[in-house]
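Student: A structural model of the following input is requested.
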Amino acid sequence: MWKDVTQNLYNTLQAQVPKNRMDPRQEWLTFFDKNDLFESVDESLISIEFE
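Tutor: Okay, here's the model as predicted:
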């Protein structure tokens, strides 16, 4: 289940995250931080966990 959730999240967001060959991880972190996704994803995962 967790693998499916993370895969779906990745597939949904990958087109929106800028590509950077030097450090692609940093682009993802910057994107999440800029769009306040850390808290949203955390809350979503908590709600899934309790279902």
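Student: what residues does stretch 25-44 touch?
Tutor: The contact list for stretch 25-44 (CB atoms under 8 Å, 6 or more residues apart in numbering) reads Leu9, Leu13, Gln16, Val17, Pro18, Lys19, Asn20. (Glycine included, C-beta is placed from N, CA and C.)
Student: Let's see that with 6 Å instead.
Tutor: Residues outside stretch 25-44 that contact it (CB atoms under 6 Å, 6 or more residues apart in numbering) are Val17, Pro18, Asn20.
Student: Identify the residues contacting the first one.
Tutor: Meaning Val17. Shown in contact with Val17 (CB under 6 Å, 6+ apart): Glu27, Trp28, Phe31.
Student: ok, 10 Å please
Tutor: Contact partners of Val17, counting by CB atoms under 10 Å, 6 or more residues apart in numbering, are Tyr10, Pro24, Glu27, Trp28, Leu29, Thr30, Phe31, Phe32, Asn35.
Student: again, but for the second one
Tutor: With contacts defined as CB under 10 Å, 6+ apart, Pro18 is in contact with Pro24, Glu27, Trp28, Thr30, Phe31.
Student: what do you get for the last one?
Tutor: Asn20 makes contact with Gln26, Glu27, Trp28, Thr30 under the criterion CB under 10 Å, 6+ apart.
Student: Tell me which entries of the residues you listed lie within helices.
Tutor: Members of these lying in helices (criterion: DSSP state H): Gln26, Glu27, Trp28, Thr30.
Student: Now restrict these to buried residues only.
Tutor: Neighbour counting with 16 or more other CB atoms under 10 Å marks Trp28 as buried within those.
Student: Now do Glu51, the pLDDT please.
Tutor: Note on Glu51: pLDDT of 61.
Student: for Asp23, same thing?
Tutor: 88.
Student: next one: the one 4 residues further on
Tutor: According to the predicted model, the pLDDT of Glu27 comes to 92.
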